[in-house]
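1. The amino acid sequence is not available; the structure is as follows:
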C-alpha cells in the first residue's frame with residue numbers, strides 16, 4: 001500500500017468511526033479546539049441536541065463561547081494540554097482549519113490516539129443524517145443566500161435544520177434544529193472543505209478566485225468547484241448562475257439536473273424581469289420560471305446581487321417542494337443577516353452600514369446597492385483582510401473603491417497569516433490618491449471615527465467594509 005492509498009484508508013476508517021458515533025450519539029464526548037468560531041459553536045450545539053457531551057476551548061472569549069457556557073458546556077479560554085489529558089473519556093476531538101498541527105491540544109489528542117476530526121468532515125457526517133441536503137456555495141453571498149433559502153422553508157413550515165455562517169434573526173442565531181429530513185447549510189470552499197459534504201441540491205452562486213493563500217490559480221479554483229458539483233447524485237440538482245463567466249466550465253460533464261438562473265438572459269430556467277428599486281434600494285422584479293410569468297417578488301434587502309441570490313433561493317425552494325406563495329412570502333420576510341449590509345445606526349442624519357465585503361467584487365456590489373438609496377456622499381472605511389488577499393487584489397481593490405466619494409484605508413486584519421514583506425495598505429492608499437480620490441490611510445480606529453465626524457454630513461452614508469474587527473469604527477462613531 002503506497003502513501004496515497006494509506007491516507008485514503010485512514011480517512012475512510014476515521015469517517016466510519018465518526019459515522020458510528022453519530023449513529024449512537026448519546027453520551028459520546030466531543031471536544032472542540034476553536035469552539036468560538038461561528039460554525040464550530042453551531043456544530044457543538046447540534047451534537048449536544050443529539051445527546052453528545054460537549055467541551056471546548058478557544059484562544060479568546062466571544063459571544064459564541066458565552067452562549068455555550070450559558071448552556072452548561074465546559075469551555076476553556078486558551079489551548080492547554082490539560083483540556084485533553086484531564087478528560088480520558090473524550091471520544092473525538094474536532095478542530096478547525098486554523099488549528100496548526102503543533103497546537104498543544106491537537107498534539108495531546110494525537111498522542112493519546114483519540115479520533116481527530118476536522119470541522120468540514122464533522123459537518124459532512126451530520127449531513128448524512130438527512131435525506132435532503134441543500135448546500136449554498138460560491139465566492140460571494142453564501143450566508144445571505146443560505147438565510148434566504150431558510151426563510152422560504154420556514155414560511156413553508158418545512159421545519160428544516162439549518163447551519164449558517166452568519167447570524168439570522170429568524171432563527172435566533174446561526175443554527176436551527178428541525179425535525180424534518182431537510183438540512184440547509186452554507187458550503188465553504190476554503191481548503192476544499194466542501195468536498196467533504198453530501199449535497200442533494202447544490203447552489204453555486206459564483207466562481208471567482210479567492211482564498212489565495214490556498215488556491216493557486218483560477219483553474220485550481222474552478223477544478224475544486226467541478227469536484228464539488230460532481231458530488232450531487234444523478235437525481236439531484238445543481239442551481240447555477242448563468243451570469244457568471246466561469247460557470248460553464250464548472251458544469252461541463254455534470255450528469256445531474258442543472259437549473260440555471262439569470263438577471264440578463266430570459267432563456268434561463270429562472271429569470272428576473274422588470275427590475276426596479278425603492279427608496280431604500282430594495283429590489284423588486286417579475287419572476288419567470290421556464291419562460292412563464294409566476295409572481296411579483298419584493299425583497300427587503302438591497303442590491304442587484306441580492307436579486308440574483310433570491311433567484312437561486314427560489315429555485316432551491318421549488319426543488320425542495322415549496323410553493324410560489326412560500327417564495328413570495330419568504331423572500332419578503334428576509335431582512336438580512338449580521339454584517340451583510342447591516343444597519344448599525346443613524347447619527348445626525350448620517351447612516352452607518354456594516355458589511356462583510358472583503359473581496360473587490362463584494363465591495364462593488366455593496367457600493368452599488370448603497371447608490372440606489374443614498375442621497376448624499378458615500379464614505380467607505382476599508383480594512384484589508386489577510387496579506388495574501390491584499391497582494392493578489394490590490395489593483396482591483398483600488399478600482400472597486402473608486403465608486404465611493406471618500407475612502408479611508410485601515411491596517412490589514414491578518415487573521416490566520418503573518419505579515420508579508422512589501423505588502424502594505426499604503427500602496428492601495430497611494431493608488432487611490434493618484435487616481436484623484438479623497439483618500440486617507442489611518443490605522444487607529446479612534447482616529448478614523450474622528451475624521452469621519454469632521455468630514456461626513458447629514459444625508460451621507462458611511463460603509464464599514466471588511467471581515468475583521470473594523471466594525472469597531474462604527475461603534476466608536478455612533479457613541
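-> Alright, I've got the coordinates. This one's a predicted model, so the numbers in the text were calculated from it and none came from an experiment.
2. And this protein, split by domain according to the record?
-> Here the domain parsing of the chain from automatic domain parsing is 3-122, 130-333, 342-478.
3. Okay, and residue 227 sits in which element?
-> helix 218-229 (DSSP states H and E).
4. what comes into contact with that helix?
-> The contact list for helix 218-229 (CB atoms under 8 Å, 6 or more residues apart in numbering) reads 137, 187, 189, 192, 194-195, 197, 199, 202, 204, 207-210, 215, 238, 246, 249-252, 254, 256. The way it works is simple: take the backbone N, C-alpha and C, and place the C-beta from them, glycine included.
5. Just the buried subset of the residues you listed, please.
-> 137, 187, 189, 192, 194-195, 197, 199, 202, 204, 207-210, 215, 238, 246, 250-251, 254, 256 (16 or more other CB atoms under 10 Å).
6. Restricted to helices, list those residues.
-> If you go by DSSP state H, the buried ones among the contacts of helix 218-229 have 250-251 in helices.
7. mind listing the strands for the stretch 101-250 of the chain?
-> Along the stretch 101-250 of the chain, counting by DSSP state E, counting those that start in this stretch, strands occupy 115-118, 132-137, 161-168, 173-176, 182-186, 201-204, 237-241.
8. could you dump those to a markdown table with distance to residue 312?
-> Formatted as a markdown table, these follow (distance: least, CB to CB, whole Å):
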| stretch | distance to residue 312 |
| --- | --- |
| strand 115-118 | 27 |
| strand 132-137 | 8 |
| strand 161-168 | 15 |
| strand 173-176 | 20 |
| strand 182-186 | 13 |
| strand 201-204 | 5 |
| strand 237-241 | 5 |
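9. nearest to residue 64, of those?
-> strand 173-176 (8.7 Å; CB to CB).
10. Are there helices or strands packed against the closest one, and which ones?
-> On a contact count with 3 or more CB pairs under 8 Å, 6 or more residues apart in numbering; DSSP states H and E, strand 173-176 meets helix 38-49, strand 161-168.
11. give the contact list for residue 173.
-> Residue 173 touches 42, 67, 167, counting by CB under 8 Å, 6+ apart.
12. Relative to residue 276, how far out is it?
-> 33 Å (CB to CB, to the nearest Å).
13. Closest to residue 367 out of the contacts of residue 173?
-> So of these, ranked by how close each gets to residue 367 (CB to CB), first place is residue 167, at 23.7 Å.
14. Spatially, what comes nearest to the closest one if we skip its sequence neighbours?
-> Spatially, and ignoring its direct neighbours in sequence, residue 167 is nearest to residue 338 (4.3 Å; CB to CB, 6 or more residues apart in numbering).
15. Next up, the contacts around that neighbour.
-> Applying CB under 8 Å, 6+ apart, the residues contacting residue 338 are 166-168.
16. Look at it and give its secondary structure.
-> Following DSSP: H, G, I helix; E, B strand; the rest coil, residue 338 is assigned to coil.
17. For residue 82, see how far away it is.
-> 34 Å.
18. Over to residue 59?
-> 16 Å.
19. And for residue 16?
-> 30 Å.
20. List the buried residues of stretch 227-235.
-> Of all the residues in stretch 227-235, those buried under the rule 16+ other CB under 10 Å are 228-229, 231-232.
21. any idea which element residue 399 lies in?
-> Going by DSSP H and E, residue 399 is in helix 387-401.
22. Please compute how far that helix lies from its chain's middle.
-> Centroid separation for helix 387-401 versus its chain: 20 Å, with CA atoms, centre = their mean, to the nearest Å.
23. got the buried residues for the helix or strand just after it?
-> Proceeding N to C from helix 387-401, the next assigned helix or strand is strand 406-409, under DSSP H and E. For strand 406-409, a neighbour-count test (16+ other CB under 10 Å) marks 406-409 as buried.
24. Any stretches of the stretch 101-250 of the chain with poor pLDDT?
-> By pLDDT under 70, the stretch 101-250 of the chain has no low-scoring segment.
25. before we move on, what SS does the spatially closest residue to residue 270 that is not a sequence neighbour have?
-> Using CB to CB, 6+ apart and skipping residues adjacent in sequence, the residue nearest residue 270 is residue 261, 3.8 Å away. Secondary structure, three-state DSSP: residue 261 is strand.
26. Let's verify residue 27: helix, strand, or coil?
-> Here residue 27 is recorded as coil under three-state DSSP.
27. CSV please, covering the buried residues of stretch 227-235 and showing distance to residue 440.
-> Output for those, formatted as CSV (distance: CB to CB, whole Å):
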residue, distance to residue 440
228, 41
229, 43
231, 46
232, 47
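28. out of the residues you listed, which one sits closest to residue 95?
-> Minimum separation from residue 95 among these (CB to CB) is found for residue 228, which lies at 22.1 Å.
29. Quick check: the gap between that closest one and residue 135.
-> For residue 228, the distance to residue 135 equals 8 Å [CB to CB].
30. intersection of neighbour lists for these two?
-> 187, 194, 197, 199, 202.
31. Hmm, residue 38 is touching residue 175, no?
-> No. With contact defined as CB atoms under 8 Å, residue 38 and residue 175 do not form a contacting pair (9.2 Å).
32. Mind checking what secondary structure the closest residue to residue 365 other than its chain neighbours has?
-> Distances taken as CB to CB, 6+ apart put residue 305 closest to residue 365, at 4.2 Å, once the chain neighbours are dropped. Three-state call for residue 305 (three-state DSSP): helix.
33. Quick one: neighbours of residue 305, just the number.
-> Using other CB atoms under 10 Å, residue 305 has 25 other residues around it.
34. who touches it in this structure?
-> Residues near residue 305 by CB under 8 Å, 6+ apart: 140-141, 365, 369.
35. what's the neighbour count on residue 413?
-> Applying other CB under 10 Å, we find 19 residues neighbouring residue 413.
36. Residue 38 versus that one, what's the distance?
-> From residue 413 over to residue 38 the distance is 16 Å, taken as CB to CB.
37. what's the answer for residue 222, then?
-> Look at residue 222 and residue 38: by CB to CB, they are 27 Å apart.
38. cool, residue 167 as well?
-> With distances taken as CB to CB, residue 167 is found 8 Å from residue 38.
39. okay, and the common contacts of those two?
-> Contacts common to residue 167 and residue 38, judged by CB under 8 Å, 6+ apart, are residue 174.
40. what's in contact with the longest strand anywhere in the chain?
-> Looking across the chain with DSSP state E, the single longest strand is strand 292-302. Strand 292-302 is contacted by residues 144, 272, 277, 280-288, 306-307, 310, 314, 324, 327-328, 331-336, 340-341, 369-370, 372-373 when judged by CB under 8 Å, 6+ apart.
41. and what of stretch 46-62?
-> Applying CB under 8 Å, 6+ apart, the external contacts of stretch 46-62 come out as 22, 25-37, 40, 44, 65, 68, 71, 73-80, 83, 87, 90, 105, 126, 161, 163, 175, 177.
42. How about the contacts made by residue 380?
-> Residues near residue 380 by CB under 8 Å, 6+ apart: 363, 367, 401, 404, 406-408, 462-463, 465.
43. let's see 7 Å
-> Contacts for residue 380 (CB atoms under 7 Å, 6 or more residues apart in numbering) come out as 367, 401, 404, 407, 463, 465.
44. most surrounded residue in those residues?
-> Most neighbours among the contacts of residue 380, by other CB under 10 Å: residue 465, with 29 neighbours.
45. wait, isn't it in contact with residue 357?
-> Yes. With contact defined as CB atoms under 7 Å, residue 465 reaches residue 357; the gap is 4.9 Å.
46. List the residues that are in contact with both of the two.
-> 363, 366.
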